[in-house]
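Asker: Following is a predicted model, sequence given first.
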Amino acid sequence: MKINVQNSISASFTTDLSKEKIILETKNVDLCYVPQVRTLTNVSIQIPEKKVTAFIGPSGCGKSTLLRCFNRMNDLIPGISIKGLITIDGIDIYSPETKLEELRKKVGMVFQKSNPFPMGIWENVAFGPKVNGIREKAELDEMVESALIQADLWKEVKDRLNNSALDLSGGQQQRLCIARALANKPEIILMDEPASALDPISTNKIEETIDELRENYTIIIVTHNMQQAARVSDYTAFMMIGEMIEFNATSKLFTNPEKKLTEDYITGRFG
Amino acid sequence: MNKIITFWKKGDSYILLTAGGLLFSLAMVIFMISIILIKGFGSFYVSDVAEIKMKDNTIYLAEILEKEEVVLQSESGKSYKQEQTNIKIANRDIFDQDFKWINSQEISKIEYPQNVTVFERWEYGNLIAYVRNLNYNGKVYLTSDKDFWDTFSRAFEKSEENKSEKENLEEELNDVLSPVSEIQREIALMEINFSWKTKEIEKLKQEEGTLQAEINFQIEQLNKKIEQKVIENSEIYAIVQSGDGTEITLELEKVYRFCRPNDMNFIAKSGLYLTKIWEYLVEDPRESNTEGGVFPAIFGTVMMVILMSIAVVPFGVLAALYLNEYAKQGFVTRLIRLAIANLAGVPSIVYGIFGLGFFIYFLGGTIDQLLFSSKLPEPTFGTGGILWASLTLALLTLPVVVVATEEGILAVPKANKDGALALGATKWQMIRKIVLPNAMPGILTGVILAISRGAGEVAPLMITGVVKLAPTLPFDTSFPFLHLDRKFMHLGFHIYDVGFQSPNVEASLPMVYTTALLLIFIVITLNLSAIFLRNYLRKKFKTSAF
C-alpha cells in the first residue's frame, strides 16, 4: 500500500505526560549523515523519568539513530550534522560545556550485538568505574557485585569472575553488557534492540531484567518486536522515515492509536 | 569435444597444476635447507687421515673429501675423462695451499696409519704430520717412550699456561703505561691547538717525566717476566714430519688443539664433534674468521635485532595508531599509506646510504662536536656503529611494522570500541585498554616480519657499522656497559666476508655453511618466540564468538 507521509508531518498527536517527571527532551531535532539527506526530521519527544520507553518502527526509520543521539555516539561518524535541542535534566547535551565522558557515564548503552570486552567478567563490569577514576579494589568489587545482581547474572558467574567473558552464553553476554552499563550508575539506559540476536528464553530473561530495572532507571529501548514493546514498556514511540509519528502510553498506542499509520503498522498491514 | 570442454571446466587439471606449484616451492626450500644442514653440521666432523701413496712414490697425508669426473684434453687434442680426488693436505705453510686435486688412477695405496696427528694451529690452519719427538723440560721424549702422549698433553698444557700468563703480563704492562700515553696525547693536543700556552705544556712535560721515572722499574720487571715466559715456551717444541718427509719444528704454543683421528673411536669423535660445535658458538674467530667461533657475530646480530625492534616498534605503532584512530581519513591518509607501502620496496642499500648520510655524518657528527669534541678528529659517533646500524634497519622495517599494526588495529571489532566509549572512556583510554591489547597480535606480526627482514639484511649494515672483526663486543663489563658507538660483527656479513673475501676460500667453505645455518637458526628462533607470544595473546584476546 502507499503511505502518505506528507500528511503526517503537519498532523500532531497528544500525549498525556502530566503525571510524569521529564528527564530527557528533544526539540525539533534534524540529523543528516550525508549533507541534504535527512535521517531524522523535526523530532520532538519527552521521555519520562524511571519509565520504560520503547521506540518502534520499520527498519531505517531512524529509531536507533535517535537513540544514539542521547549519548552522542553519533559524534563518531564523520560528516554528520545535528540540529535542534536535546536536553537531559534540562541541560543541553550538545553544548560545548557538556563533558562527553560525563554524559556517557550518565547515559549508559546496551548494543544490539553483545560486545563484552575480551577480558575477565570482573574486568568487564569494572571497566566503566575504572575509566571514570575509581581505583580502590573493595569499592570496585562492591560495584561489580551490585551491577551483576541487578542484571540477574550474579548467581551464574559469582564463582568465575576472572574467567573470560567470551566463554559466557549469548544471553549471559548481553546481561553482562547490561551489568557493565549499570556499574557506572547511570540515570538513563539506552538499549538498542538488546534481544534481537537472542533465543526466546534469553530474550525472556532480558525482559525480566528490564522489568526489575524500571524502578531505578529510565530505560529507552529500541525494538523491532512489537510484542516486546507491548510487554516491557510504559510508553511507546512509533517512528517512520525519520519522523516521530506517535508517542503515547503503551496501552493506548497499542489499543487505540491516534494515527491511521500507527494502526496500520501495529496491525501488521505494512512494515 | 564436449568432453574436453567439461574436463577444463571441472578444473581437475588445475588441482594438479596448483599442487605442482606447491610441491616445487616446497622442494626448493627443503633442498636448500638440507644442503645447508648437511654441509653445516658435517663441517665439524673429524674425518680420518689417509696416507695416500701415489704411483710416482709421492706420499700425501690428507683427508679425502670428494671425487669428481673431469674432462681433460690430451696433448694430441683428444678429450678424455679422468676421475679426480680432492684431498685436504693442510700444512698451508709448506704446500702453499690446503687442498689438492689428484688423479685417482695414480693412487697406488691408501692406508690409515694410527699415529698420524692433526694439529689445529692458531695460524696457518691445520698441520697433519707424524710426531717424531718432544722437547720438554730440557729432555727429549721419543714416541716409543712409555706414556709419551701423556707427557705430550702435559707439555701442551704447560705451554698454554705460559702463554696466558704472558698475555696477562702484557695487559698489566699496558695498564702501567696508559697514564703516560694519556699525558703524551694531551701534550700533543696542546701543541697543536694551544701552542702559545708554553707554560702549561712545560708543566705537562715535567709531569710526564716524573711519571716515566716512577714506573720505569715496574716496566723493567714486567718486561723481564714476559721475556722469561717467551724463552720458556720456545723450549717446548715437537719435531714432526709431514707426509712428504719434511721435518718441522712445532712450538706447542702455536697449537690450538691436536688429535689423532685414526686412533679415535666413535665416542671420542662424537665428543670432539660436540666440543667443536660448542667452541663454534662461544669462541672468537681465528685466522681472519676462517677458523674458531662466531660468538661476536651471534652477539652482534641478536643485539642489533633487539635494538632495532626497540627502535622500530614504538614508532611504527604510534604512527599506525595516529593514522587509524586520530587522523581524518581522506586523500592525505591514503597518500601516506601508499607512500608507506612503497617504502617497503625501496632497496635496502638506499637505506644504508641514507643511514650513512643522515645518522652517521649528520647526527653522529653533531653529537661528536657537542659531546665528544675532546676526542676529535677521532670520531666517536661520527662513524659506523651498532646504534646507527640498528636505526637504519629500524627505518627499513618501519613500513612493515606500520602496515601490520594497521591491520591489527582494523581487526579490533568496532562494537568493542563503541562499547568502551559508551561507558565513558576517553578516546585514549579506549585505545589503551581495547585497541592496543587487541591489536597486539597484529603488532607482533609486524615485529616478526621486521625481525625476519632485519636479521638477514647485510647491504645497509656494511656502510653503517659492521666490520669483519670487532675487537670488543658492544656490551661488556666496562662502564657504561652498553657501547652504542662500537662497531660490531654480524652473521650475514660474516658469511659474505668468510666466503668471498677470505684469502683461502676453499678452507673457509665449511664456515660459510655453518654460519648460514646459524643465521637461519637465529632468525627462526627469534621468529618462533615472537610467534608463540602472538599465539598466546591471540588466545587471550580471541574475538567474541557469538
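Answerer: Ah, there it is.
Asker: close enough to count as contact, residue B:60 and residue B:243?
Answerer: Yes. Using CB atoms under 8 Å, residue B:60 is in contact with residue B:243, at 5.1 Å. Any C-beta I mention is one placed from the backbone N, CA and C, and that applies to glycine too.
Asker: which residues are common contacts for the two?
Answerer: By the contact definition CB atoms under 8 Å, 6 or more residues apart in numbering or on different chains, residue B:60 and residue B:243 are jointly contacted by B:51, B:89.
Asker: The nearest residue to residue A:22 once chain neighbours are set aside bridge partners, please.
Answerer: Nearest residue to residue A:22, sequence neighbours excluded (CB to CB, 6 or more residues apart in numbering or on different chains): residue A:46, at 4.7 Å. Beta-bridge pairing of residue A:46 under DSSP bridges involves residue A:25.
Asker: so where's chain B uncertain?
Answerer: Where chain B drops to pLDDT under 70, the residues are B:375-376, B:541-546.
Asker: Can you pull the domain assignment for it?
Answerer: Chain B is divided into the following domains under automatic domain parsing: B:2-42, B:50-117, B:295-541.
Asker: State the next helix or strand along the chain beyond the strand or helix carrying residue B:417.
Answerer: Using DSSP states H and E, residue B:417 falls within helix B:414-422. Next helix or strand after helix B:414-422 toward the C-terminus (DSSP H and E): helix B:427-430.
Asker: got the buried residues for that next one?
Answerer: B:427, B:429, B:430 (16 or more other CB atoms under 10 Å in any protein chain shown).
Asker: swap in stretch B:25-43?
Answerer: Those would be B:36, B:39, B:40, B:43, for stretch B:25-43 by 16+ other CB under 10 Å.
Asker: Among the residues you listed, which lie within helices?
Answerer: Those of those mapping onto helices are B:36, B:39, B:40, per DSSP state H.
Asker: was I right about the first one contacting residue B:512?
Answerer: Same thing as residue B:36. No. Using CB under 8 Å, residue B:36 is not in contact with residue B:512; the gap is 9.6 Å.
Asker: ok, and what's touching the particular helix or strand that has residue B:271 in it?
Answerer: Here residue B:271 sits within helix B:266-282, counting by DSSP H and E. Residues from elsewhere that reach helix B:266-282 (CB under 8 Å, 6+ apart): B:44-46, B:259, B:261, B:264, B:292-295, B:298, B:514, B:518.
Asker: closest to chain A among those?
Answerer: residue B:298 (38.1 Å; CB to the nearest CB).
Asker: In contact with the closest one, which residues?
Answerer: Applying CB under 8 Å, 6+ apart to residue B:298 gives the contacts B:281, B:491, B:518, B:522.
Asker: Got phi/psi on it?
Answerer: With angles defined as degrees, to the nearest 10, residue B:298 sits at phi -60, psi -50.
Asker: From residue B:532, how far off is it?
Answerer: 21 Å (CB to CB, to the nearest Å).
Asker: If I look at the residue of the stretch 151-271 of chain A found nearest chain B, what pLDDT would I see?
Answerer: Residue nearest to chain B within the stretch 151-271 of chain A (CB to the nearest CB): residue A:166, separated by 5.5 Å. Predicted confidence (pLDDT) for residue A:166: 87.
Asker: Return only those of the buried residues of helix B:427-430 found close to chain A.
Answerer: residue B:429 (CB under 8 Å from any CB of the partner chain).
Asker: Which of the buried residues of helix B:427-430 sits closest to residue A:224?
Answerer: Using CB to CB, residue B:430 comes nearest to residue A:224 of the buried residues of helix B:427-430, at 28.9 Å.
Asker: How about the contacts made by the closest residue to that closest one other than its chain neighbours?
Answerer: Nearest residue to residue B:430, sequence neighbours excluded (CB to CB, 6+ apart): residue B:420, at 4.2 Å. Applying CB under 8 Å, 6+ apart to residue B:420 gives the contacts A:117, A:127, A:131, B:429, B:430, B:433, B:434.
Asker: try 10 Å
Answerer: A:104, A:115, A:117, A:127-128, A:131, B:426-427, B:429-435 (CB atoms under 10 Å, 6 or more residues apart in numbering or on different chains).
Asker: Please pick the buried ones from these.
Answerer: Among the contacts of residue B:420, those scoring as buried are A:104, A:115, A:117, A:127-128, A:131, B:427, B:429-431, B:433-435 (criterion: 16+ other CB under 10 Å).
Asker: what would the residues you listed look like in a markdown table with distance to residue B:27?
Answerer: Output for the buried ones among the contacts of residue B:420, formatted as a markdown table (distance: CB to CB, whole Å):
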| residue | distance to residue B:27 |
| --- | --- |
| A:104 | 59 |
| A:115 | 47 |
| A:117 | 46 |
| A:127 | 52 |
| A:128 | 57 |
| A:131 | 55 |
| B:427 | 51 |
| B:429 | 52 |
| B:430 | 49 |
| B:431 | 46 |
| B:433 | 48 |
| B:434 | 45 |
| B:435 | 43 |
